[in-house]
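S.K.: pasting a predicted model and its sequence here:
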Amino acid sequence: MKLLFLGDVMGRAGRAAIASELPRLRAAWKLDFVVVNGENATSGAGLSGDHAKLILDAGADVVTLGDHAFDQKDMMQFIQSEPRIIRPVNYAKTAPGLGYRIFDAPGGRKVLVAQVLGQVFMKRAFDDPFSAIEGVLNKHRLGGLVQATIVDVHCEATSEKMALGHWCDGKASLVVGTHTHVPTADAQILPGGTAHLSDAGMCGDYNSVIGMDKAEPLRRFVTGMSKGRFEPAKGEATLSGAYVETDDRTGLATRIEMVRHGGRLAQSGPGPV
């Protein structure tokens, strides 16, 4: 199976890049399944129902959220009517929506998509991510009724993302980090056959400070004082993430490539073909 995961969509620039480029990439790379993290797509904080529809209409099969899952209040209702939106499995137990689901893919195949929140350096304490994701993966074994499993690890520390990758090794097709908006260069297939990338980066304008217009973050770093709100940068966005190929029999990865499409971080090479 050919899978694409794209990192945090950041504001209007990220939405525009998804809308214009994802349909073309889906056709050109003959993708079977696409997951997009959309938790910063609306003004850099959360995801609205309308913007979720835009990402889904552009070709995403599933949209994952994160610690800002419900910053846009209409998502509280929208997620209950749209099964293709996934919030973290270890979020508050009373939160609407689900932390994982099994989806249909071409050829009668099934794909499990799950998201888990980390604990290190996060603003609030979430339930243990290791036991939370272990329960999901043990219940839905890779290579059985599920032909591929994608786990979005949404957390701050690369050490925690790497640890969760090894924790899931052999039980998932892809474990990929989100949240920091800074892409890492460690795409690899772990010993047990799971593709891993510590952070997918963002789908946003990289002429910025993690997707935000530079002026206000720089002011706060230099002076310690704020003058206004953070606003998403509006220049041309780069789509960042991971392209993975899997063995349908085992569900394990046979290939992983980092994706840097368009904008300032565009790859000089040809990308997945």
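M.R.: Alright, I've got the coordinates.

S.K.: contacts and neighbour counts: CA atoms only from here.
M.R.: Noted.

S.K.: got the buried residues for the lengthiest helix in the chain?
M.R.: In terms of residue count, the longest helix belonging to the chain (DSSP state H) is helix 11-28. Residues of helix 11-28 classed as buried under the neighbour-count rule (16 or more other Cα atoms under 10 Å) are 11-19, 21-22, 25-26.

S.K.: that one: how far from the chain's middle?
M.R.: 15 Å (Cα atoms, centre = their mean, to the nearest Å).

S.K.: sorry, back to before: can I get the buried residues of helix 11-28 in JSON lines including distance to G97 and pLDDT?
M.R.: Compiled in JSON lines, these are given as follows (distance: Cα to Cα, whole Å; pLDDT from 0 to 100):
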{"residue": "G11", "distance to G97": "23", "pLDDT": "96"}
{"residue": "R12", "distance to G97": "25", "pLDDT": "97"}
{"residue": "A13", "distance to G97": "27", "pLDDT": "97"}
{"residue": "G14", "distance to G97": "24", "pLDDT": "98"}
{"residue": "R15", "distance to G97": "23", "pLDDT": "98"}
{"residue": "A16", "distance to G97": "26", "pLDDT": "98"}
{"residue": "A17", "distance to G97": "27", "pLDDT": "98"}
{"residue": "I18", "distance to G97": "24", "pLDDT": "98"}
{"residue": "A19", "distance to G97": "25", "pLDDT": "98"}
{"residue": "E21", "distance to G97": "28", "pLDDT": "97"}
{"residue": "L22", "distance to G97": "25", "pLDDT": "98"}
{"residue": "L25", "distance to G97": "29", "pLDDT": "96"}
{"residue": "R26", "distance to G97": "27", "pLDDT": "96"}
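
S.K.: out of those residues, the closest to M122 would be?
M.R.: G11 (21.6 Å; Cα to Cα).

S.K.: can you pull the contacts of the residue nearest to G118 when sequence neighbours are not counted?
M.R.: Ranked by Cα to Cα, 6 or more residues apart in numbering and with sequence neighbours excluded, the top spatial neighbour of G118 is C155, at 4.5 Å. Applying Cα atoms under 8 Å, 6 or more residues apart in numbering to C155 gives the contacts 117-120, 122, 161, 177-180.

S.K.: could you redo the last one with a cut-off of 10 Å?
M.R.: Contact partners of C155, counting by Cα atoms under 10 Å, 6 or more residues apart in numbering, are 66-67, 116-122, 161, 177-180, 198-199.

S.K.: and if you look at K234?
M.R.: K234 is in contact with 10-14, 16, 204-208, 211-213, counting by Cα under 10 Å, 6+ apart.

S.K.: and A185, by the same measure?
M.R.: Here A185 is in contact with 197-200, 257-258 (Cα under 10 Å, 6+ apart).

S.K.: which one of these is nearest to D32?
M.R.: Using Cα to Cα, the contacts of A185 come closest to D32 at E257, 15.8 Å.

S.K.: isn't the closest one up against L174?
M.R.: No - with contact defined as Cα atoms under 10 Å, E257 does not reach L174; the gap is 11.6 Å.

S.K.: overlap in contacts, these two.
M.R.: With Cα under 10 Å, 6+ apart as the test, E257 and L174 both reach 4, 188, 195, 197, 242-245.

S.K.: tell me which stretches of the stretch 151-273 of the chain form strands.
M.R.: Along the stretch 151-273 of the chain, the segments classed as strands by DSSP state E, counting those that start in this stretch run 174-178, 188-189, 195-197, 202-203, 239-246, 253-261.

S.K.: quick one, the first one and strand 239-246 angle?
M.R.: Interaxial angle of strand 174-178 relative to strand 239-246 (axes from the mean of the first three to the mean of the last three Cα atoms, to 10 degrees): 170 degrees.

S.K.: for strand 174-178, what is the average pLDDT?
M.R.: Average pLDDT, strand 174-178: 98.

S.K.: point to the residue nearest the middle of the protein.
M.R.: For the chain, the residue nearest the mean C-alpha position is N37 (3.5 Å; Cα atoms, centre = their mean).

S.K.: picking that back up, export the contacts of K234 to TSV and tack on distance to A95?
M.R.: Listed next are the contacts of K234 as TSV, based on distance: Cα to Cα, whole Å:
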residue	distance to A95
M10	23
G11	24
R12	27
A13	29
G14	26
A16	29
G204	28
D205	31
Y206	32
N207	35
S208	32
G211	27
M212	28
D213	31
